[in-house]
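Sequence and predicted structure, then a few things I'm wondering about:
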Amino acid sequence: MKNVLLFFTAVLMAYSTYAQNIEVCSTCAISTLKKGISVAKDYDTILVKKGTYKEHNILVDKPLTIIGESYPVIDGELKGEVITIIADNVTVDGLFIINVGTSYTEDYAAIRVRKSKNFIIQNVVLEKLFFGIYLEKSRDGKVFHNKIIGDAVEEYNSGNGIQLWYSKNIVIEHNFVQHVRDGIYLEFSDDCLIKNNVSAENLRYGLHFMFSNDDIYEDNTFEKNGAGVAVMFSKKIKMLNNTFKENWGTASYGMLLKEINDAEIIGNTFEENTIGINIEGSNRIVYKNNNFINNGWAIKVRGACYTNSFIENNFLYNSFDISYNSKVNDNVFNKNYWTNYTGYDLDKDGIGDVPYRPVKLFSYIVNRTPETIILLRSLFIDIIDFSEKVSPIFTPNNLLDNNPLTKRITW
């Protein structure tokens, strides 16, 4: 065993000894990135000097480090894909890529990683793009500190900022994505960490993922996106300490959950969205320590939801806290703070002595006849809501928070 370790150490030292730096510039012997890649040997470093390089269909087919000095521009001239990586152990750092080709049959990307592992894409700026960074059947990679700004106007001719397809164990952190179709998109991609990203003002979703399991989304901001965030057909997801803000529109929400099971949604803020969370067919989810602030609806439950727990959340100044279109089933609301709670706390233990009914009759009416929303905050509506609270007929009489908190929760 000792001899084997010595052998591999010798091999690594040999690679480090023979790895070279190759300079690319307009006045250098090598004036294009394509040429630099073709003459490079495995594990060489290619230094691209400041300037503009009109190139596309750049194929990285060997382990290399490609570094841009002062953000050299790689101009694809709208002719197709710009950089395609098909080798393991590739790093792309500090490039400014523009003018990715648009196609209705090909998903052209500024940078595509195909069937590769141990890659790093960092400090790149992407503009005038179709798809930004596209990871396809790849694993064990990192996408760090990138800025992706599109100019999407319509969904049919725009792509996504960061897309993962059949990829695994990817870290996507500290990226800024704006004005594309979907900011971050995952499909069939497991064990990924999405952290500290800002995805804002995108045409459709700030985050969109389907059929992707065991992923963690943490400390991200999803703001002013067309429809918010969509989380569908996945299990064992953790969404922690994210902000969902100002996703407004007739079909908008902070987050849509559809067919999600065994998940944790903890420590998030849903502020000024049409709907904070829209839930359908989702089971065994823990909603805890979340803030729902100034939303139209804090939570809409549309049916087929079982064994969910809503515990120790703040519901602050929402037009409607809960909309519920099905049976309560075995879902639990407990120890939440509700600004609309008017009960009392005689023993001063911080828990209201009277249970709280979060579903208003007017919410039930609006669900059936949306035009009645114009009556919101009228005296008539206050009266019918009060009468329903005293003697429930239309709203679920067993949907209660039996231990409503009398003070806002702080963490």
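Received, thanks.

I figured Asn202 hits Gly226, correct?
Yes. Counting by Cβ atoms under 8 Å, Gly226 is a contact partner of Asn202 at 6.6 Å. For the C-beta atoms, the positions are set from N, CA and C on the backbone; glycine is no exception.

okay, the two: which has more neighbours?
With neighbours defined as other Cβ atoms under 10 Å, Asn202 and Gly226 compare such that Asn202 has more, 29 against 19.

Where do the helices of the stretch 301-411 of the chain begin and end?
Applying DSSP state H, counting those that start in this stretch to the stretch 301-411 of the chain gives helices spanning 361-368, 379-390.

Mind listing what's buried along stretch 284-296?
Ile285, Val286, Tyr287, Lys288, Asn289, Asn290, Asn291, Phe292, Ile293, Asn294, Asn295, Gly296 (16 or more other Cβ atoms under 10 Å).

sorry, back to before: lowest average pLDDT across the helices of the stretch 301-411 of the chain?
Comparing mean pLDDT across the helices of the stretch 301-411 of the chain, the weakest is helix 379-390, with a mean of 54.

Phi first, then psi, for Lys34.
Per-residue torsions, Lys34: phi -60, psi -50 (degrees, to the nearest 10).

Low-confidence stretches in this structure?
Scanning the chain for pLDDT under 70 picks out 1-18, 326-327, 360-397.

just the helices in it please.
In the chain, the segments counted as helices under DSSP state H are 2-18, 33-39, 361-368, 379-390.

I figured Pro72 hits Lys54, correct?
No. Using Cβ under 8 Å, Pro72 is not in contact with Lys54; the gap is 11.6 Å.

Neighbour count for the two, which is higher?
More crowded of Pro72 and Lys54, by other Cβ under 10 Å: Pro72, with 21 against 12.

what's near enough to touch that one?
By Cβ atoms under 8 Å, 6 or more residues apart in numbering, the contact set of Pro72 is Val48, Lys49, Lys50, Gly51, Thr52, Tyr53, Leu95, Phe96.

Please list all residues in contact with the residue nearest to the fifth one when sequence neighbours are not counted.
By that I understand Thr52. Spatial nearest neighbour of Thr52, chain neighbours left out: Val73 (4.4 Å); criterion: Cβ to Cβ, 6 or more residues apart in numbering. By Cβ under 8 Å, 6+ apart, the contact set of Val73 is Gly51, Thr52, Tyr53, Phe96, Ile97, Ile98.

ok, now Leu129?
Neighbours of Leu129 in contact, by Cβ under 8 Å, 6+ apart: Ile97, Ile98, Val100, Ala109, Ala110, Ile148, Gly150, Gly159, Val180.

Apply 6 Å and report the result again.
If you count contacts by Cβ atoms under 6 Å, 6 or more residues apart in numbering, Leu129 has them with Val100, Ala110, Gly150.

Can you report phi and psi for the nearest residue to Asn118 once chain neighbours are set aside?
The shortest distance from Asn118 to any non-neighbouring residue, by Cβ to Cβ, 6+ apart, is to Asn89 (4.9 Å). Asn89 adopts backbone torsions of phi 60, psi 50, taken as degrees, to the nearest 10.

Test my guess that Asn89 contacts Pro63.
Yes. Using Cβ atoms under 6 Å, Asn89 is in contact with Pro63, at 3.7 Å.

Those two: who's more crowded?
In terms of neighbours (other Cβ under 10 Å), Pro63 is the more surrounded of Asn89 and Pro63; the figures are 20 against 15.

That one is in contact with Thr45, isn't it?
No. Using Cβ under 6 Å, Pro63 and Thr45 do not qualify as a contacting pair, with a distance of 10.9 Å.

leaving aside the residues next to it on the chain, what's closest to Asn273?
Closest residue in space to Asn273, ignoring its immediate chain neighbours: Gly254 at 4.0 Å, by Cβ to Cβ, 6+ apart.

how many neighbours does the one you found have?
Using other Cβ under 10 Å, Gly254 has 31 other residues around it.

next one: Leu257
Around Leu257 there are 27 other residues, counting by other Cβ under 10 Å.

which residues touch it?
Contacts of Leu257 by Cβ under 6 Å, 6+ apart are Val231, Ile279, Ser282.

do the same with Ile216
With contact taken as Cβ under 6 Å, 6+ apart, Ile216 is in contact with Leu193, Lys238.
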